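J.: Here is my input, please return the structure:
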Amino acid sequence: MSENLLNLAQNFNHENENKILNLIAKGEFTDEEIKALLDLNKKDINIALSKHTNLKDEFIEILIENSVYMVVSNIIKFQNLNEKNREKLIDKVTKMPEFYKDVIRDLKEGKW
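T.: Residues are numbered from 1 along each chain as shown. Got it, this is the predicted structure:
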């Protein structure tokens, strides 16, 4: 599966994106595969990775920098955060309190 996923990422197109999303929902990946997917910086792929893959701290950090609301929400719900990434998320959501009001509420309630 590794070569297939890397090949799909390297030859990215709309059809490959759907195949990649299906693979993400089903499996575990190497660091090289995850990095190749993050390098694509595609919203739907990042959402799927943040939900279905147990990510290392360095990959969570990459996701936080370019994340949309669903990625932020998924990181909080499905990933184990170190203190550095937790602080980055807090910084990100407090810059746009109206947009992230549900996330901020969960933070204040101690849910993450």
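
J.: From here on, just use CA atoms for contacts and neighbour counts.
T.: OK.

J.: Please name the residues that touch the residue positioned nearest the centre of the chain.
T.: A centroid search over the chain (Cα atoms, centre = their mean) returns Ser50, at 3.2 Å, as the residue closest to the centre. Residues touching Ser50, when contacts are defined by Cα atoms under 8 Å, 6 or more residues apart in numbering, comprise Ile60, Leu63, Val71, Asn74, Ile75, Phe78, Gln79.

J.: Kindly report the same for Leu37.
T.: In this structure, Leu37 makes contact with Ala9, Ile45, Asn46, judged by Cα under 8 Å, 6+ apart.

J.: what's around the first one, how many residues?
T.: When neighbours are counted by other Cα atoms under 10 Å, Ala9 registers 22.

J.: Can you check what pLDDT the model gives it?
T.: pLDDT for Ala9: 91.

J.: again, but for the second one
T.: Here the pLDDT value assigned to Ile45 is 97.

J.: burial measure for it, as a count.
T.: Neighbour count for Ile45, taken as other Cα under 10 Å: 20.

J.: what's it sitting at in phi/psi?
T.: Ile45 adopts backbone torsions of phi -70, psi -40, taken as degrees, to the nearest 10.

J.: ok, now which ones touch Asn16?
T.: Listed by Cα under 8 Å, 6+ apart, the contact set of Asn16 reads Leu8, Ala9.

J.: now whichever strand or helix holds Lys19, how far from the chain's geometric center?
T.: Following DSSP states H and E, the helix or strand that holds Lys19 is helix 14-26. In terms of Cα atoms, centre = their mean, to the nearest Å, the gap separating the centre of helix 14-26 from the centre of its chain is 15 Å.

J.: Repeat that for stretch 104-112.
T.: Counting by Cα atoms, centre = their mean, stretch 104-112 is centred 19 Å from the centre of its parent chain.

J.: Could I get the buried residue list for it?
T.: Of the residues in stretch 104-112, those buried under the neighbour-count criterion (16 or more other Cα atoms under 10 Å) are Ile104.
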